[in-house]
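Peer 1: Got a sequence here, can you model it:
(one chain, ligands or ions: 2)
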Amino acid sequence: MGIPLIQIYRVARYLAARKLRGQKRYPLVLMLEPLFQCNLACAGCGKIDHPDEILRGRMSVEDALRAVDECGAPMVSIPGGEPLIHRELPQIVEGIVARRKFVYLCTNGLLLAKHIDAYRPSPYLTFSVHLDGNRQRHDEMVCQEGVFDKAVAAIRLARSKGFRVTINCTLFAGENADEVAAFFDEAMQLGIEAITVSPGYSYQHAPRQDVFLERTNSKRLFRDIFRRGRARAAGARWAFNHSSLYLDFLAGNQAYQCTPWSNPTYNLFGWQRPCYLLSGEGYAPSFRSLMDDTPWEQYGVGRNRKCDNCMAHCGFEGTAVDDAFTHPFKAFKAAWFGPKLTGPMAPELPLSYVPQPRHSVSNIPISAVAVAPADPVARSAAEEF
Ligand code: SF4
Ligand code: SF4
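Peer 2: Ligands and ions are numbered 1, 2, ... in the order given. The predicted structure follows:
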């Protein structure tokens, strides 16, 4: 399995049109957050730390589809919270699919069996199931036992009904490359289309701050993981839901700057400046205002301490895709040979501010992560839905 040709063709056509017009900033994936409420409270989550009245808020179908039209990106990712809690999500998804945009519906899988028949298989719809590692690792990261098994059952169910399925894997401190490689093998054997992977962003509001990887550790870890992947037999290779140059960036071979406008975020507060990950930087009243009035030069590696350790795909995949269009031979080489796994890494971008320690990052094993108390609002949502 792989990404359908229709998706590759439409996205390539969209990108070519932007490049031909000489458009400097354009959206690639709209991050549409129709709610913040979740039925889990994961250790590394920065999305659910809101008062109850915000957690109970829901984006209307009309508002969601207006944002999709306003943005114009060819792909729409629906994260949350847990989107399947939203009663009107099937109508939102149907409306986006009707516009022939590619939807990645992110879910932790717990509610998928209950709601799956509200969706129809389509080349335009992919369930992106949250799995951060093997059974032990994932259950530790989501702070609840049994979630891994339910997510795997949800993947099997979705595949049996003919849906496109990917997994969304975030890597944190204390990862073991052998375990990650074995987990990727296991995930591919479930019949998924591809793996979306990135190092966790160190959310200031996450319940645990010591679970996040630093940039250099991230690059070393990815080299170690990719090295193991390269040793797999041809038929057992992993498929990633990323461009070849983003993978090369993860392995430390590209000194990319973030292009947050490539993944604009729309949620209950409006258009979030500058990206999906940073909250507290304000909201724009319209997509045009987001693109035109955001002080983009204040964000990115070396420009803002909140961006210090970020290598997330929502900031850097757009950069890699743009680079691939500008340097197709380089992208082809990275795709053919894979990321460089030895030798010096690309230099970090220079700092344009005086660095100050924001929080300490250590390598405390995830097994030491305490189980977070279940959020009462999340629990009531899970029971209700
Ligand atoms: S599944 Fe976990 S990481 Fe995702 S929104 Fe819920 S609490 Fe956050
Ligand atoms: S580097 Fe980019 S994606 Fe990451 S937090 Fe900063 S602005 Fe957001």
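Peer 1: Parallel or antiparallel, list what pairs with the strand ranked longest in the chain.
Peer 2: Longest strand in the chain, counting residues (DSSP state E): strand 164-171. Next to strand 164-171 in the sheet, as set by DSSP bridges, lie strand 125-130 (parallel), strand 194-199 (parallel).
Peer 1: right, so of those, which gets closest to ligand 1?
Peer 2: strand 125-130 (5.4 Å; CB to the nearest ligand atom). Heads up, the C-betas are built off the backbone N, CA and C, glycines and all.
Peer 1: can that closest one be found next to ligand 1?
Peer 2: Yes: on the criterion CB under 6 Å from any ligand atom, strand 125-130 is in touch with ligand 1 at H130.
Peer 1: again, but for stretch 86-103
Peer 2: No: using CB under 6 Å from any ligand atom, stretch 86-103 stays clear of ligand 1, coming no nearer than 12.6 Å.
Peer 1: Next, the buried residues of that stretch.
Peer 2: 86, 89-97, 101-103 (16 or more other CB atoms under 10 Å).
Peer 1: just those now: which is nearest Y124?
Peer 2: Of all the buried residues of stretch 86-103, V97 has the smallest distance to Y124: 4.4 Å, by CB to CB.
Peer 1: Stretch 101-120 spans what distance, first to last residue?
Peer 2: 15 Å (CA to CA, to the nearest Å).
Peer 1: Give me the mean pLDDT for it.
Peer 2: For stretch 101-120, mean pLDDT is 98.
Peer 1: what do you get for stretch 191-199?
Peer 2: 95.
Peer 1: Give me the phi and psi angles of L30.
Peer 2: phi -80, psi 130 (degrees, to the nearest 10).
Peer 1: That one: neighbour count?
Peer 2: 25 (other CB atoms under 10 Å).
Peer 1: At which residues are the strands of the stretch 201-350 of the chain located?
Peer 2: 265-267, 270-272, 283-284 (DSSP state E, counting those that start in this stretch).
Peer 1: Mean neighbour count, those: which tops it?
Peer 2: strand 265-267 (a mean of 26; mean count of other CB atoms under 10 Å).
Peer 1: which residues are in contact with that strand?
Peer 2: Applying CB atoms under 8 Å, 6 or more residues apart in numbering, the external contacts of strand 265-267 come out as 30-34, 36, 59, 64, 67, 71, 271-272, 275-276, 287.
Peer 1: closest to ligand 1 among the residues you listed?
Peer 2: Using CB to the nearest ligand atom, the contacts of strand 265-267 come closest to ligand 1 at F36, 8.0 Å.
Peer 1: Where does that closest one fall, secondary structure wise?
Peer 2: Under DSSP states H and E, no helix or strand contains F36.
Peer 1: Name the nearest residue to it, sequence neighbours excluded.
Peer 2: Distances taken as CB to CB, 6 or more residues apart in numbering put G81 closest to F36, at 4.6 Å, once the chain neighbours are dropped.
Peer 1: residues contacting the one you found?
Peer 2: E33, P34, L35, F36, Q37, C38, K47, I48, L55.
Peer 1: Quick check: the farthest pair among those?
Peer 2: P34 and I48 (14.2 Å).
Peer 1: neighbour count winner among these two?
Peer 2: Neighbour count, other CB under 10 Å: between P34 and I48, P34 has more, with 25 against 22.
Peer 1: Tell me which residues touch the residue nearest to that one when sequence neighbours are not counted, please.
Peer 2: Distances taken as CB to CB, 6+ apart put M59 closest to P34, at 4.0 Å, once the chain neighbours are dropped. Counting by CB under 8 Å, 6+ apart, M59 makes contact with L32, E33, P34, L35, H86, I92, N267, L268.
Peer 1: Tell me who's in contact with the last one.
Peer 2: Shown in contact with L268 (CB under 8 Å, 6+ apart): E33, P34, L35, F36, I54, G57, R58, M59.
Peer 1: Quick one: buried ones out of those residues?
Peer 2: Neighbour counting by 16+ other CB under 10 Å classes E33, P34, L35, F36, G57, R58, M59 among these as buried.
Peer 1: what about stretch 143-155, average pLDDT?
Peer 2: 97.
Peer 1: go on, stretch 273-290?
Peer 2: Looking at stretch 273-290 alone, the average pLDDT works out to 95.
Peer 1: for stretch 80-96, same thing?
Peer 2: 97.
Peer 1: And that stretch, how far out from the chain middle?
Peer 2: Computed by CA atoms, centre = their mean, to the nearest Å, the chain-centroid distance of stretch 80-96 equals 17 Å.
Peer 1: just stretch 229-241 next, same as before
Peer 2: With CA atoms, centre = their mean, you get 21 Å for stretch 229-241.
Peer 1: ok, back up a step: with distance to ligand 1 added, can I get the contacts of G81 in JSON lines?
Peer 2: Listed next are those as JSON lines, based on distance: CB to the nearest ligand atom, whole Å:
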{"residue": "E33", "distance to ligand 1": "10"}
{"residue": "P34", "distance to ligand 1": "12"}
{"residue": "L35", "distance to ligand 1": "10"}
{"residue": "F36", "distance to ligand 1": "8"}
{"residue": "Q37", "distance to ligand 1": "9"}
{"residue": "C38", "distance to ligand 1": "3"}
{"residue": "K47", "distance to ligand 1": "5"}
{"residue": "I48", "distance to ligand 1": "5"}
{"residue": "L55", "distance to ligand 1": "11"}
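Peer 1: Return the member of those nearest to A182.
Peer 2: For those, the nearest to A182 is C38 (27.8 Å; CB to CB).
Peer 1: thought the closest one was touching C106?
Peer 2: No: counting by CB atoms under 8 Å, C38 sits too far from C106 to count as a contact (10.9 Å).
Peer 1: Mind listing the shared neighbours of these two?
Peer 2: Shared contacts of C38 and C106 (CB under 8 Å, 6+ apart): G80.
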